[in-house]
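[1] Need the 3D shape of this:
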Amino acid sequence: MRLKSVWISEYKNLRDFTLTFDGDSFLDIFVGKNGTGKSNFFEALVEIFNFVFASTKRRSEISFDFDLFYEIDGDDVRVCCEGGQLQVNGANRSKIADALTPDNVIIYYSGHSDKITSTVDQYSRAYARRNRKWTGEEAREFISIGAEYKEMLLSILLMQPDDCAARRYICQKLGIEVTSETVTLRLSPPRFKHSDVEVGDVASFLWGAKGQSLVFVERLLNCVRGEFTRDSIYDRGQDRYTIRINLELFREEFAEASSSDLFRQFDNLKTLGMFEGLSIPIGLGDGRPILVGDFSDGQFQSIYIFAITEFFKDRNCITLLDEPDSFLHPEWQFSFLKQVEDIAATEAAQTNHVLLSSHSASTIVEANEPQIRLFEIADGNVSAVQRDKAAVVQSLSAGLITFSEREARLNIYHNLKNTNGPVLMVEGVTDEIIFETAWRKLYGAEVNRPFEILSAFSCTTLGRLMRSNEFYHDNQGRTIFALYDWDEAYNEWNMNHSQVVQNDVSRCLVKKRNGVDGYNLMLPVSEEHSCYGQVVNAATGEHYKSKSSFPMELLFRDAPGVGAHFEIDPTRPGDCQRFKGDKATFAKEIVPGLPPVAFEPARPVFDFILHTIGQ
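    From the prediction side, this is the model:
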């Protein structure tokens, strides 16, 4: 199962919107700022597939026109609805054949969408009406995974064989292990009309259930170890069945059943209103017991994700994961995509097309795909364009994606693991680009740079890292330099437990942290620079500390041909200059075209680093 293209006439801010899916990867990733239309696109897909599923049973309606093209079991299917007329593979139809539709559309929505909720609720009510006999013969097509699935998902995962990838990852990430061979299933009366349970009356067992639901529960009874009767597992006072399933017997009984089959069986019980709970005793690595409610939202978010990819990897389905990594601990985000791919990227998994939206730069950094779809708004219209992954991540400073501080710190740790030797850390991505260019201009592209240059994505993150004993402990043997602009970043430069080792604005103010090879540098500003007065008081010779105004771009204010990128700052006295325009464009397109002499203001930074590391 794979989407090939979708066209939407008009849905919220999506107007005449077309998205084509190229390649054969089971996972497509979308990024973009809030309000660009990622979630609206997911909502529109839910509306479209709700229409498609409903159209297998009756003539249906939808509030916008669409053209949906997908492949299922090797056959191309085109479903189009324009002006109220349904077409299937080019022919007018009133209904759609079941064989031409996905088995499931699975929805995971980390935020809150009233539209998705109402659409899925509408589908669920219609499903319930069709199943008033509550035999459970019809499996649900729409499945929305939320908090009410917590206990079920975790328990079913832990009931899988030990070599199940999803089970292994969950146990590892949560630091848990199963502490009992008994799984407890609790069943309550169904929401539909049913019989009362009478002692000794076989026909009233399970409130008179029939069909698939009864067959499944009877198979579960085969997994109970020891003597019991159907009456002994029923509590008349609470009107509840409690079935204690032995894990070894369960795995034998359902050895031929896939994890997706098991999930659908339990989900049918839930849909009928009979499922009250499924619990398996678990403990931490030290043996202490832990309850489901003890896990954080972020920890359970990983359970949702891994359960979805495991339980539906062999079904013809579309899986919509809207920001599934939003609550994941940053340490998990780097390995998130690899784990999902390990679970789902099998031959059978090609039947499951996963669409994932994300704001997590940590996740995107680790994506295998060289191209990422970026939702953009131009002239009031939304489009989804292909962008190089590197370009998307590098555009962070332009606000395309927002790094949280924890994500930024983790990204730095990740990059440091893949490098060695001294490192210069700068505040932002554009600063990194500028100083890489400055080295090439001043020393030549053929000269090896004996240190790395990395972005910390903010001066706050940079300052906290340079004050962190743990950071130095994790990078023993490396000399760390941090470079700050002349503005509020001065407060980050001015760290405690350090000594000033160079007190010259034109050569870099430098502080060394006590006991470690960590150096904080302020951007050098020479007395000849036209903006020197924005840093140093000419009357006193003292600098303005955090009241200064000299960001990285001002290094080039005196270079020829760049005047259009600067303007007088009306918020400050004395005709102070400030940068105007796009930082990324300036760093990537303007700075590389400047002559080597324009980079001389940056040389003191390199001089200090080279002297310190003995080069």
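[2] pull the longest strand from this protein.
    strand 2-11 (DSSP state E).
[3] and for it, what are the contacting residues?
    Residues from elsewhere that reach strand 2-11 (CB atoms under 8 Å, 6 or more residues apart in numbering): 14-21, 24, 26, 40-41, 43-45, 47-48, 64-71, 76, 82, 318, 350, 353, 355. From N, CA and C alone the C-beta is placed, and that goes for glycine too.
[4] partners of that strand, with directions?
    The strands beside strand 2-11 in its sheet (DSSP bridges) come out as strand 14-20 (antiparallel), strand 66-72 (antiparallel).
[5] and of these, who's closest to D558?
    With respect to D558, and counting by CB to CB, the nearest of the strands paired with strand 2-11 is strand 14-20 at 46.9 Å.
[6] buried ones in the closest one?
    L14, F17, L19 (16 or more other CB atoms under 10 Å).
[7] Closest to Y123 out of those?
    Nearest to Y123 among the buried residues of strand 14-20, counting by CB to CB, is L14 at 21.5 Å.
[8] ok, now which ones touch the closest one?
    L14 sits next to I8, G37, N40, F41, A44, V382 when contact means CB under 8 Å, 6+ apart.
[9] Using PDB, write down the CA coordinates of the longest strand of the chain.
    Extracted in PDB, the C-alpha atoms of strand 2-11 (Å, rounded to 0.1, in the frame of the first residue of the first chain):
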ATOM      1  CA  ARG A   2       1.400   3.300  -1.000                       C
ATOM      2  CA  LEU A   3       0.100   6.800  -1.700                       C
ATOM      3  CA  LYS A   4       1.200   8.100  -5.100                       C
ATOM      4  CA  SER A   5      -0.400  11.500  -5.200                       C
ATOM      5  CA  VAL A   6      -3.300  13.600  -3.800                       C
ATOM      6  CA  TRP A   7      -5.000  16.800  -5.000                       C
ATOM      7  CA  ILE A   8      -7.200  18.800  -2.700                       C
ATOM      8  CA  SER A   9      -9.400  21.600  -4.200                       C
ATOM      9  CA  GLU A  10      -9.700  23.600  -1.000                       C
ATOM     10  CA  TYR A  11      -9.500  22.600   2.700                       C
END
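[10] buried sites along it?
    Judged by neighbour count using 16+ other CB under 10 Å, the buried positions of strand 2-11 are R2, L3, V6, W7, I8, S9, Y11.
[11] Of these, which pair is most distant in space?
    Farthest pair in the buried residues of strand 2-11, by CB to CB: R2 and S9, 23.1 Å.
[12] quick revisit: of the contacts of strand 2-11, keep whichever come out buried.
    14, 17, 19, 21, 26, 40-41, 43-45, 47-48, 64-71, 318, 350, 353, 355.
[13] show me where pLDDT drops low in the stretch 351-500 of the chain?
    By pLDDT under 70, the weakly predicted segments of the stretch 351-500 of the chain are 359-380, 387-411, 414.
[14] Give me the distance from the helix or strand harbouring D121 to the chain's centre.
    Using DSSP states H and E, D121 sits within helix 114-130. In terms of CA atoms, centre = their mean, to the nearest Å, the centre of helix 114-130 is found 27 Å from the chain centre.
[15] got the buried residues for that helix?
    Buried residues in helix 114-130, counted by 16+ other CB under 10 Å: K115, I116, T119, V120, Y123, A126, Y127.
[16] Strands of the stretch 201-350 of the chain, residue ranges please.
    For the stretch 201-350 of the chain, the strands defined by DSSP state E, counting those that start in this stretch occupy 234-235, 240-246, 275-279, 282-284, 289-290, 317-322.
[17] Which elements pack onto the fifth one?
    Helices and strands touching strand 289-290, by 3 or more CB pairs under 8 Å, 6 or more residues apart in numbering; DSSP states H and E, are strand 282-284.
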